[in-house]
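Enquirer: Here's my sequence, what's the structure:
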Amino acid sequence: TRYEKRSLYVMYDVTSALKSGKNAIGIILGNGWYNSAAKDAWDFDKAPWRNTPRLIFQMHIEYTDGSTEVIKSDESWKTSTGPIVFDGIRNGETYDARLDKQGWDTADYNDSDWQTAKITNGPATKLESQKTLINKVIEVRTPINVTEPKPGVFVFDIGQNISGRVKLSVSGPAGTVITIKYDERIHEDGSLNQQNASLVYSLGFQTDKYILKGNGVETWEPKFVYHGFQYIQVEGFPGKPGVENIKASVIHTAFESSGTFECSNDLINKIQQATRWAYLGNFATGYPTDCPHREKNGWTGDAHIGAETGIYNFNPQSNYTKWIYDFEDVMADNGDLTGIVPSGGWGYGVGPAWDSAYILIPWYMYLYNGDKRILADHYEGFKRLVDFQVNRSEDHIVNYGLGDWCPPEGGADGYKTPNSLTSTAYHYTDVKILSEIAHIIGKSDDEKKYLELAEEIKNAFNNKFYNSETGTYTGEEQV
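Expert: The predicted structure follows:
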C-alpha cells in the first residue's frame, strides 16, 4: 500500500496454537515494501513512508466462562535481532544460522538480554483489515537437472518460469556461505544471466545467502522475499549438490480456478497454460505486477490488459478491490495517476493508456460479476481522472503519455503510432464507460454529459487520424 495513507492488518484464528499452561507469542518483522533500502529506478528508497519495521498486535481471547481478555503489543514486550541479517524485496535475503536463538518463541526462553520494545507512531492515517486472498506456497518443485558450468558453480533448471524461492537442504562446516542467485535466462556457457538486474542499483538482485551453523543437516527457506526465475545458480555449496538439495517453492496469491479451457489444438492449449502461469506469477505480491523479477511493480497498463484473462480463469476480485483503493491513495489533487500502483511518488504523467486501469478493471468486475459497489465507491475518483484528461486535451485530442509501448516493430525509440492516437482512444473509452457507470448508479445528468462528450471525442479522433482512402488510421493502424 501507500503506507502513509493506508496500512492493512491481518486477522488469524490462533485457537489451535494455544496450549494449557504458559504460552508465548513470537513475531518476526521483515522489510517488505515498507522499508525498501535498495536504490532503484522507481525511488522506493525515497518513499515518504519508509521507516524501520514496526508492529501493532492484539489478541482477543474469549474464555469458556464467558470472560474476555485482550493481549496487545506494548512496553512489556521484548525485541532482539535474529539470524535474518538482511532482506530486500527485490534484492534477496541473508540468513546467518549461527545467530539462531533456539526456542526464542517459546514460553521458557530466557529473554533477559533482550531490549524492551519502544512505543512508536504508525505510518498510516487509515488502518484497515486486509480483505485480499493471501499469498501461499502453492507447490514445491524438484529441478529437472543440475549442471556445473564452472568449477563450484551449479545451475539448477526448474523447467519453467515461476515466482517463488528456494528450499535448501545442506550440511557442512560452520560459517560456510552459500550464495543462491535466480533468473529466467542463462548464458551460452550455462551460467546464470542476471540481465534483469538493470534497474536495481544497489544491495544485489535476486540473491539469497545462507551461512551454515555446522550442525548436521540444515534446511532453510527465505521468509520475506520471492523471485522470478527458471534457473537457480548455487555457489559455495560444500561438496556437489544434487536435485535433492535444492527445491523450488512456487508462490502466488491463492486464487481458485473459476474456469478452464481445453481444445483439440495442442498449441492453443499450451498458450492457455502459459497464460495462466504468467498471470499467477505476476500475482505474488497480492496485486498485479508487470514481472516477478526485475520490477515487481504494479504497472497499470499491464494490469488492465490482463484483467479479463484473470477474471475468466480465477477469482481475483477481492485483490482487485484492494488495488483500486491504492489508485485512490496515489491520485494527485489534479486527478493524475502514477503508472505504477502503489507508488512512493514516482511515475505521474504516463497517460490514459495506463491510467485507464482505474476505470477499466472496476468496469470488468461489473461486467463479469455484477459488482456495482466498486463503481459507486470510486465514482468520484473516476470523474476526477476523466476531468484531468479533459484538461490535458486540446480540441478533444490528448497528446501525452507513454503511448504504444514496445510495439512489434521499432521498440521504445521507433514508434509508428503517435501518442495522441492511443491516448485519445483510451480517453474516449474512459468517458464512454463513465457515462454507462453514471447510468448504472443513477447519475442521469452525468450520464448525458459524458455521453455527449464521448461523441465529440470520437468525431475529433476520426477527423484527425482516419484516412478514408486507405481505410487506416495514422501510423498505419488497422481500422
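Enquirer: can you tell me which strand in the chain is longest?
Expert: Ordering each strand of the chain by length in residues (DSSP state E) puts strand 153-170 first.
Enquirer: which residues sit in contact with Glu447?
Expert: Ser435, Glu436, Ala438, His439 (Cβ atoms under 8 Å, 6 or more residues apart in numbering). Just so you know, the C-beta spots here come from the backbone N, C-alpha and C atoms, and that holds for glycine as well.
Enquirer: From those residues, pick the one nearest Arg2.
Expert: Ala438 (27.9 Å; Cβ to Cβ).
Enquirer: quick check, that closest one in a strand?
Expert: No. Counting by DSSP: H, G, I helix; E, B strand; the rest coil, Ala438 is not part of a strand but helix.
Enquirer: Per-residue pLDDT of it, please?
Expert: Ala438 is assigned a predicted lDDT (pLDDT) of 98.
Enquirer: sorry, back to before: out of the contacts of Glu447, which end up buried?
Expert: Restricting the contacts of Glu447 to buried positions leaves Ser435, Ala438, with burial counted as 16 or more other Cβ atoms under 10 Å.
Enquirer: which one of the contacts of Glu447 is nearest Val243?
Expert: Closest to Val243, out of all of those and judged by Cβ to Cβ, is Glu436, at 54.2 Å.
Enquirer: who are the neighbours in contact with the closest one?
Expert: Shown in contact with Glu436 (Cβ under 8 Å, 6+ apart): Trp363, Glu447.
Enquirer: quick one, phi/psi of Pro352?
Expert: phi -60, psi -30 (degrees, to the nearest 10).
Enquirer: Could you report the neighbour count for it?
Expert: If you count neighbours by other Cβ atoms under 10 Å, Pro352 ends up with 30.
Enquirer: Would you check that it makes contact with Gly403?
Expert: No. Counting by Cβ atoms under 8 Å, Pro352 sits too far from Gly403 to count as a contact (10.1 Å).
Enquirer: dump the residue contacts of the most centrally placed residue in the chain.
Expert: Centroid-nearest residue in the chain: Thr285, 3.5 Å away (criterion: Cα atoms, centre = their mean). Neighbour list for Thr285: Trp33, Asn135, Tyr226, Lys296, Gly298 [criterion: Cβ under 8 Å, 6+ apart].
Enquirer: okay, and for the chain, where does confidence drop off?
Expert: Applying pLDDT under 70 to the chain picks out residues 408-415, 476-479.
Enquirer: returning to what we had before: so the residue nearest to the centre of the chain belongs to a strand, correct?
Expert: No. Using three-state DSSP, the assignment for Thr285 is coil, not a strand.
Enquirer: for Asp208, helix, strand, or coil?
Expert: strand.
Enquirer: how near is it to Asn399?
Expert: Using Cβ to Cβ, to the nearest Å, we find Asp208 at a distance of 46 Å from Asn399.
Enquirer: neighbour count winner among those two?
Expert: Neighbour comparison, Asp208 and Asn399: the larger count goes to Asp208, with 27 against 15 (by other Cβ under 10 Å).
Enquirer: Would you mind measuring from the more buried one to Gln233?
Expert: According to Cβ to Cβ, Asp208 and Gln233 sit 11 Å apart.
Enquirer: Spit out the residues that contact these two alike.
Expert: Ile180, Tyr182.
Enquirer: In terms of helices and strands, where is the residue lying closest to Val225 once chain neighbours are set aside?
Expert: Leaving aside its chain neighbours, Val225 sits nearest to Glu93 (4.8 Å; criterion: Cβ to Cβ, 6 or more residues apart in numbering). Assigned by DSSP states H and E, Glu93 falls within strand 92-96.
Enquirer: What lies in contact with that strand?
Expert: 83-87, 180, 204-211, 220, 222-225, 227.
Enquirer: Just the CA trace of stretch 4-16, in CSV.
Expert: What follows is stretch 4-16, C-alpha atoms only, in CSV (Å, rounded to 0.1, in the frame of the first residue of the first chain):
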residue,chain,number,x,y,z
GLU,A,4,1.4,6.8,4.9
LYS,A,5,-2.2,6.8,3.7
ARG,A,6,-3.3,3.2,4.2
SER,A,7,-1.9,0.2,6.1
LEU,A,8,-3.6,-3.2,6.4
TYR,A,9,-3.7,-5.6,9.3
VAL,A,10,-4.3,-9.4,9.0
MET,A,11,-6.6,-11.5,11.3
TYR,A,12,-5.8,-15.1,12.3
ASP,A,13,-7.6,-17.6,14.3
VAL,A,14,-4.9,-18.9,16.7
THR,A,15,-7.0,-21.0,19.0
SER,A,16,-5.4,-24.2,17.8
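Enquirer: Return the distance of that stretch from the chain's centre.
Expert: 18 Å (Cα atoms, centre = their mean, to the nearest Å).
Enquirer: Check stretch 286-296 too.
Expert: Distance, stretch centre to chain centre, for stretch 286-296: 5 Å (Cα atoms, centre = their mean).
Enquirer: All the strands of the stretch 151-300 of the chain, residue numbers only.
Expert: 153-170, 177-183, 185-186, 192-193, 207-211, 218-220, 227-235, 246-253 (DSSP state E, counting those that start in this stretch).
Enquirer: hang on, isn't Phe327 packed against Pro342?
Expert: No. Taking contacts as Cβ under 8 Å, Phe327 lies outside contact range of Pro342: 9.2 Å.
Enquirer: beta partners of the nearest residue to Phe237 once chain neighbours are set aside?
Expert: Once flanking residues are discounted, Phe237 sits nearest to Ile178: 5.6 Å by Cβ to Cβ, 6+ apart. Beta-bridge partners recorded for Ile178 (DSSP bridges): Tyr210.
Enquirer: give the contact list for Ile178.
Expert: Contacts of Ile178 by Cβ under 8 Å, 6+ apart are Leu168, Val170, Lys209, Tyr210, Ile211, Leu212, Val234, Glu235, Gly236, Phe237.
Enquirer: cutoff 10 Å now
Expert: With contact set as Cβ atoms under 10 Å, 6 or more residues apart in numbering, Ile178 has these partners: 95, 166, 168, 170, 172, 208-212, 218, 220, 234-238, 241, 245.
Enquirer: do you know how far it is from Leu192?
Expert: Taken as Cβ to Cβ, the span from Ile178 to Leu192 is 15 Å.
Enquirer: likewise Asn31?
Expert: Asn31 is 24 Å from Leu192, by Cβ to Cβ.
Enquirer: same check, this time on Leu375
Expert: Taken as Cβ to Cβ, the span from Leu375 to Leu192 is 46 Å.
Enquirer: and what of Lys46?
Expert: Taking Cβ to Cβ, one finds Lys46 at 30 Å from Leu192.
Enquirer: neighbour-wise, which of those two wins?
Expert: Set Lys46 next to Leu192 and count neighbours by other Cβ under 10 Å: Leu192 wins out with 22 against 13.
Enquirer: Neighbours of the closest residue to that one other than its chain neighbours, how many?
Expert: Spatial nearest neighbour of Leu192, excluding adjacent residues (Cβ to Cβ, 6+ apart): Gln233 at 3.9 Å. Gln233 is flanked by 23 other residues according to other Cβ under 10 Å.
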